[in-house]
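Student: no sequence for this one, just the structure:
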């Protein structure tokens, strides 16, 4: 599953397949957010959302990738998580507070959405998921 159109200028791409990759993704995004001048609060929001979504890739799909873009329409960060995992059968249900398919607290997707200015999810069961979050500067 590839999501290509209208993302902006690519900044970095990181494969995600384990805990070390989640840590790397968090650090790289924090570095970019600091360099761009995001407030400490927004840096924390972005890094927390990245952590949740990268963790979802590892837990649900075993591997995938994160790509960070600078949108063309205005200053900010657009971060895309793609995997070829089992997909999300019911996105609306997965977005409900406290829903979890793996017995966790169920804060991942909902938390990431609340921490971002925009979120888009496309998923095809059996083929994978693409989640895009945007945070404006």
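Tutor: In hand now; what should we look at? Everything numeric here is computed off the predicted structure, so don't read it as measured data.

Student: does residue 114 sit in a helix or strand, and which one?
Tutor: Assessed by DSSP states H and E, residue 114 sits inside helix 108-115.

Student: Give the buried residues for whatever helix or strand comes next after that helix.
Tutor: Counting by DSSP H and E, the next helix or strand C-terminal to helix 108-115 is strand 118-124. Going by neighbour count (16 or more other Cβ atoms under 10 Å), the buried part of strand 118-124 is 119, 121, 123. C-betas here are computed from N, CA, C, even on glycine.

Student: by contact count, what packs against the helix holding residue 114?
Tutor: When contacts are defined as 3 or more Cβ pairs under 8 Å, 6 or more residues apart in numbering; DSSP states H and E, helix 108-115 packs onto helix 40-56, strand 118-124, strand 128-136.

Student: which among the buried residues of strand 118-124 gets closest to residue 11?
Tutor: Using Cβ to Cβ, residue 119 is the member of the buried residues of strand 118-124 that lies nearest residue 11, at 18.9 Å.

Student: That closest one touches residue 113, doesn't it?
Tutor: Yes - if you go by Cβ atoms under 8 Å, residue 119 and residue 113 touch, sitting 4.5 Å apart.

Student: Next, show the common contact partners of the two.
Tutor: Common neighbours of residue 119 and residue 113 (criterion: Cβ atoms under 8 Å, 6 or more residues apart in numbering): residue 133.

Student: coming back round to it: pick the one among the buried residues of strand 118-124 closest to residue 87.
Tutor: Comparing those against residue 87 with Cβ to Cβ picks out residue 123 as the nearest, at 4.6 Å.
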